[in-house]
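Peer 1: return atomic coordinates for the entry below.
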Amino acid sequence: ELVSGHDRKILAVSCGHPGKRNDKTIARVDDAVQHLAPGGASWLSDKKWYTKLMDGSVKEFVGYYFISDGGYMRIPQLLFPTKHGDPNDPHMNWSRWVESIRKDVECVFGSLKKRFKWLKNWNVMSNQFEIDNVFHTCCVLHNLLLAEDGYLQNDDEDLNSTHLPSATRSKEGAWLDIADPLPASHSASEGLEWWKRISALFEHLEVIRREGANKI
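Peer 2: Modelled structure (predicted):
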């Protein structure tokens, strides 16, 4: 799992997992995701943000979130767009907007493979511990190159990678210590909070769109 910002800076990266383990299971043990959960270890879990509602009021939420694809469970830390629905529905407008932003992380993977041919081409390395070390090194070098080239001049301290600890392993092969299966689904309370955030965000986008239209 990899987390990046809009400037393509890598904020967090997890250890490797076997192919049989799906994204939902990995998210349940990923430090970056879990530290954003209510009461999480990161101070970002207590960070407040606000949305505008159609009635003119402002709604407050606590705890940041990541934008992901639809392969994850509905938890407050992971928000993702909807693929199917009425094209004119405000929710679908928000989904199209978020989908365009979510592709930033795909561009990061493309940049990594362009920078480091080891990631793109076949190689003989098969040890998981060594593969993780190489990939993490590539991520560090990627961030250093972005800074050297001047792309991180307006770096947001709130989203600094020092606040998003990555999953690490204390010994070789420790990724096998995760018991399967883990609870990959969301609870009722998590699903409810997820929907509250989604609803408030696409209502916020609709308010911004209308405000912009009135200014034209």
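
Peer 1: show me what counts as buried in stretch 51-68.
Peer 2: Of the residues in stretch 51-68, 51-52, 59, 61, 63-68 count as buried by neighbour count, 16 or more other CB atoms under 10 Å. Yep, even glycine has a C-beta here, placed from its N, CA and C like the rest.

Peer 1: tell me the mean pLDDT for that stretch?
Peer 2: Taken as a whole, stretch 51-68 has an average pLDDT of 92.

Peer 1: which ones are touching the residue positioned nearest the centre of the chain?
Peer 2: Taking CA atoms, centre = their mean as the criterion, Phe66 is the residue nearest the geometric centre of the chain, at 3.6 Å. Contacts for Phe66 (CB atoms under 8 Å, 6 or more residues apart in numbering) come out as 3, 32-33, 36, 77-79.

Peer 1: just send these back as JSON lines, with secondary structure, pLDDT and neighbour count too.
Peer 2: Written out in JSON lines, the entries for the contacts of Phe66 read as follows (DSSP: H, G, I helix; E, B strand; the rest coil; pLDDT from 0 to 100; neighbours: other CB atoms under 10 Å):
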{"residue": "Val3", "secondary structure": "strand", "pLDDT": "91", "neighbour count": "22"}
{"residue": "Ala32", "secondary structure": "helix", "pLDDT": "87", "neighbour count": "25"}
{"residue": "Val33", "secondary structure": "helix", "pLDDT": "88", "neighbour count": "25"}
{"residue": "Leu36", "secondary structure": "coil", "pLDDT": "86", "neighbour count": "23"}
{"residue": "Gln77", "secondary structure": "coil", "pLDDT": "91", "neighbour count": "26"}
{"residue": "Leu78", "secondary structure": "strand", "pLDDT": "92", "neighbour count": "22"}
{"residue": "Leu79", "secondary structure": "strand", "pLDDT": "91", "neighbour count": "19"}
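
Peer 1: what's the closest of the buried residues of stretch 51-68 to Glu211?
Peer 2: Lys52 (8.6 Å; CB to CB).

Peer 1: Ser187: which of the buried residues of stretch 51-68 is nearest?
Peer 2: Nearest member of the buried residues of stretch 51-68 to Ser187, counting by CB to CB, is Gly63, at 15.8 Å.
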